[in-house]
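[1] The following comprises the amino acid sequence and a computationally predicted model.
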Amino acid sequence: MKRLPFSDEEFGSPPNKMARGEEPKKVLLYVRRETEEVFDALMLKNPTLKGLVEAISEKYELPLDKVGKVYKKCKKGILVHMDDNIIQHYSNEDTFQITMEEMGEMYKLTLTEI
């Protein structure tokens with residue numbers, strides 16, 4: 001066995017590469033109101049319920065503190081409370097019809113899959 005001119009023990013092992021910090025995955029959704037033909041683009045900077053509410057609030061000028069419940073209505077007609085887990089499974093360019101119902105001082109948002 002030949003001896004190499006230097007060994008790892010002499011110089012130490014190379015430093016481990018730093019793991020890349022994972023950037024949050026952005027998600028682009030298309031939404032439209034029932035009365036509209038054209039979709040609005042919602043860019044979710046974070047694929048979370050908070051990120052969705054912030055994007056809707058910004059796009060439709062709803063005060064964040066006035067947004068109450070957020071629901072998703074599936075193509076099968078099932079109504080589901082929206083949460084982070086559901087939003088993380090959205091794909092770019094998923095399409096929805098949005099309804100914003102004023103209930104007292106709060107808004108109820110429903111995104112219906114198209």
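    Alright, I've got the coordinates.
[2] Tell me the buried residues in stretch 37-54?
    With burial defined by 16 or more other CB atoms under 10 Å, the residues of stretch 37-54 counted as buried are 39, 42, 44, 46-49, 51-54. For the C-beta atoms, the positions are set from N, CA and C on the backbone; glycine is no exception.
[3] Please export the C-alpha coordinates of the longest strand seen in the chain as CSV.
    Identified as the longest strand of the chain according to DSSP state E is strand 94-103. Extracted in CSV, the C-alpha atoms of strand 94-103 (Å, rounded to 0.1, in the frame of the first residue of the first chain):
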residue,chain,number,x,y,z
ASP,A,94,-54.7,26.1,-8.5
THR,A,95,-58.0,27.9,-9.2
PHE,A,96,-60.8,28.9,-6.8
GLN,A,97,-63.9,30.9,-6.7
ILE,A,98,-63.9,33.1,-3.5
THR,A,99,-66.9,34.3,-1.6
MET,A,100,-66.6,36.8,1.2
GLU,A,101,-69.7,36.9,3.5
GLU,A,102,-70.0,39.6,6.1
MET,A,103,-71.2,38.1,9.3
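[4] ok, it: who's next to it in the sheet?
    Strand 94-103 has the following sheet partners, assigned by DSSP bridges: strand 27-33 (parallel), strand 106-113 (antiparallel).
[5] before we move on, back to that, okay, and which of the buried residues of stretch 37-54 map to strands?
    Among those, the members falling in strands (DSSP E) are 42, 44.
[6] re the thing from before, could you give the mean pLDDT of the longest strand of the chain?
    Per-residue pLDDT values over strand 94-103 give a mean of 94.
[7] which residues touch it?
    The contact list for strand 94-103 (CB atoms under 8 Å, 6 or more residues apart in numbering) reads 27, 29-34, 39, 56, 60, 62, 68, 107-114.
[8] do stretch 43-51 as well
    Where contact means CB under 8 Å, 6+ apart, the residues beyond stretch 43-51 that reach it are 24-29, 52, 54-55, 70, 82-84, 87-88, 90.
[9] Type out the ChimeraX command that picks the buried ones from the residues you listed.
    In ChimeraX syntax, the buried subset of the contacts of stretch 43-51 is picked out as below (16+ other CB under 10 Å):
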select :27,29,52,54,55,70,82,87,90
